[in-house]
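A.B. asks: Okay, predicted coordinates and the sequence, questions at the end:
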Amino acid sequence: MATPNKEIVLSGIRATGNLHLGNYFGALRKFVAVQDDYDCNFFIADLHALTTNPDPNQLHANVKSILAEYLAAGLDPEKSTIFVQSDVPEISEMYLLLNMHVGIGELMRTASFKDKARKALGIGTPADDSDEAFEKEIIGASTNKRVNAGLLTYPTLMAVDILIQKANKVPVGKDQLQHLELTRRFARRFNSFYGVDLFPEPTDFDFGGAPVKVPGLDGSGKMGKSEGNCIYLIDDPKVLRKKVMRAMTDEGPKEPNSPMTEPIANLFTLLELTSTPEIVTSFREAYADCSIRYGDLKKQLAEDILNITTPIRERVNDILADDAYLSQVVKRGAEKARERASQTLAEMRQIMGIRKF
Ligand code: ADP
Ligand code: TRP
């Protein structure tokens, strides 16, 4: 609940599909944990979703499912402001204003832009990954395989989400830290250009632990929607067990204390996130003395993941069926979010010289 003396926490997740374990450990779990101690604001980034998923038939369903998963995982509308990004039109106006102070060069050098732009063009990372070569790829792209400008200005929109609420702390996964760094830079730049102290510089928020990166079980570095390797919070136990049992492994340690290959290290990372320290230690010891059986490790892991996801999955369906409740939550959330947003926007317009007759 908005309390003047509490630090402001804000974060969002794009409306691009159901939430997976990466979203849970990288973001949602932290949201739930900080609700009592901060002025918390959590939203569903539907405008950001339009940069890569412009299908109008899916967008609303995606917003709704994330909202239900937020609530099922323990976000409480009595404690936190929970809203949908597009319900706050001030964000779109501020996005236009802030863009006047953002350089296209710095946006083009952002790792996530390079990544998504290449995906949009259907090309992998070329041997020449220099900024110059990348620029040529973008400018030379044909119009039917274009990189939309919304993708380029994605970091501006994210900075606006944060700055319009004057947030101090932003809980996100590791992959979002570069965007947060840009947000700080834009805040400093605006303040110093106009000689004002309008925006605080937000910091990452991981309450103690280091930012986590949840790996995929296919031997890849990251669990993510576009990687197609997700374990979803709403996966049915059968499906979930199957996914875990199919996880990539290797032939097993041949000598005591062998180094771990990436797929095995990934299994341990997930086990550490979901299991007890005793269980993790016992499997680590079994790995070190070569007695480990990967089948046992996977079975254990599947059950530990289910312990976390089952209560959430069970609540999601009930919540999804209650349209009146969902709309009441976001209506109230939007009202609260717009209070501060309209205040910040008015200050910004004033500072930039936009006056009414
Ligand atoms: P995806 O990568 O599946 O598209 P998003 O980009 O929508 O997911 O991420 C939403 C939030 O979840 C962000 O805070 C992001 O840092 C976090 N997140 C996503 N995947 C992971 C992961 N594999 N490990 C840790 N955090 C993650
Ligand atoms: N870019 C974030 C992601 O892909 C989602 C996001 C949009 C966000 N605006 C934000 C996260 C503001 C934190 C704060 O995960």
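C.D. replies: Alright, I've got the coordinates. Ligands and ions are numbered 1, 2, ... in the order given.
A.B. asks: Only C-alpha atoms from now on, for both contacts and neighbour counts.
C.D. replies: OK.
A.B. asks: Can you tell me the SS state at the closest residue to ligand 2 within the stretch 251-357 of the chain?
C.D. replies: Closest approach between the stretch 251-357 of the chain and ligand 2, counting by CA to the nearest ligand atom: Ala337, at 13.2 Å. Here Ala337 is recorded as helix under DSSP: H, G, I helix; E, B strand; the rest coil.
A.B. asks: my read is Ser220 is in a helix, agree?
C.D. replies: No - assigned with three-state DSSP, Ser220 falls outside any helix and is coil.
A.B. asks: tell me which element the closest residue in space to it that isn't next to it in sequence falls in.
C.D. replies: Counting by CA to CA, 6 or more residues apart in numbering, Pro263 is the residue found nearest to Ser220 once chain neighbours are left out, at 7.4 Å. Assigned by DSSP states H and E, Pro263 belongs to helix 262-274.
A.B. asks: elements contacting the next helix or strand after that helix?
C.D. replies: With elements assigned by DSSP H and E, the helix or strand that comes after helix 262-274 is helix 277-288. If you count contacts as 3 or more CA pairs under 8 Å, 6 or more residues apart in numbering; DSSP states H and E, helix 277-288 packs onto helix 262-274.
A.B. asks: packing partners for the helix it packs on?
C.D. replies: helix 277-288, helix 294-320.
A.B. asks: which of those sits most buried?
C.D. replies: Mean neighbours per residue, mean count of other CA atoms under 10 Å, is largest over those for helix 294-320, with a mean of 18.
A.B. asks: Are there helices or strands packed against that one, and which ones?
C.D. replies: Using 3+ CA pairs under 8 Å, 6+ apart, helix 294-320 sits against helix 56-72, helix 237-245, helix 262-274, helix 323-352.
A.B. asks: how about the helices in the stretch 51-200 of the chain?
C.D. replies: 56-72, 89-99, 104-108, 111-121, 131-139, 149-152, 154-163, 177-194 (DSSP state H, counting those that start in this stretch).
A.B. asks: In the third one, which residues are buried?
C.D. replies: Spelled out, that is helix 104-108. The neighbour-count check on helix 104-108 (16 or more other CA atoms under 10 Å) flags 107-108 as buried.
A.B. asks: Likewise for the shortest one?
C.D. replies: Buried residues in helix 149-152, defined by neighbour count with 16+ other CA under 10 Å: 151-152.
A.B. asks: Quick check: the residue of the stretch 151-300 of the chain nearest ligand 2.
C.D. replies: Met158 (4.0 Å).
A.B. asks: So that residue is in contact with His179, correct?
C.D. replies: Yes - here Met158 reaches His179: they are 7.5 Å apart, a contact under CA atoms under 8 Å.
A.B. asks: on that earlier part again, would you mind giving the helices and strands packed on helix 262-274 as JSON lines with distance to Pro253 added?
C.D. replies: Shown next, in JSON lines, are the helices and strands packed on helix 262-274 (distance: least, CA to CA, whole Å):
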{"stretch": "helix 277-288", "distance to Pro253": "7"}
{"stretch": "helix 294-320", "distance to Pro253": "11"}
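A.B. asks: Quick one: closest of the ones you listed to Phe83.
C.D. replies: helix 294-320 (15.9 Å; CA to CA).
A.B. asks: report the angle between the axes of that closest one and helix 56-72?
C.D. replies: For helix 294-320 against helix 56-72, the angle by axes from the mean of the first three to the mean of the last three CA atoms, to 10 degrees is 100 degrees.
A.B. asks: Helix 294-320 to helix 323-352, inter-axis angle?
C.D. replies: 90 degrees.
A.B. asks: Can you lay out the helices and strands packed on helix 294-320 as JSON lines showing mean neighbour count and distance to ligand 1?
C.D. replies: JSON lines is the format used below for those (neighbours: other CA atoms under 10 Å; distance: least, CA to the nearest ligand atom, whole Å):
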{"stretch": "helix 56-72", "mean neighbour count": "19", "distance to ligand 1": "10"}
{"stretch": "helix 237-245", "mean neighbour count": "17", "distance to ligand 1": "15"}
{"stretch": "helix 262-274", "mean neighbour count": "20", "distance to ligand 1": "10"}
{"stretch": "helix 323-352", "mean neighbour count": "16", "distance to ligand 1": "19"}
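A.B. asks: Could you export these as CSV, including mean pLDDT?
C.D. replies: Converted to CSV, the helices and strands packed on helix 294-320 look like this (pLDDT from 0 to 100):
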stretch, mean pLDDT
helix 56-72, 97
helix 237-245, 98
helix 262-274, 96
helix 323-352, 98
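A.B. asks: wait, which of these is closest to Ser86?
C.D. replies: helix 323-352 (9.2 Å).
A.B. asks: so what does the closest one touch, helix or strand wise?
C.D. replies: Checking 3+ CA pairs under 8 Å, 6+ apart, helix 323-352 ends up next to helix 56-72, strand 81-84, helix 89-99, helix 294-320.
A.B. asks: who in the stretch 101-250 of the chain is up against ligand 1?
C.D. replies: 172-176, 212-215, 222-225 (CA under 6 Å from any ligand atom).
A.B. asks: and of those, the nearest to Thr52?
C.D. replies: Lys225 (11.8 Å).
A.B. asks: what residues are up against the closest one?
C.D. replies: Gly17 (CA atoms under 8 Å, 6 or more residues apart in numbering).
A.B. asks: Thank you, goodbye.
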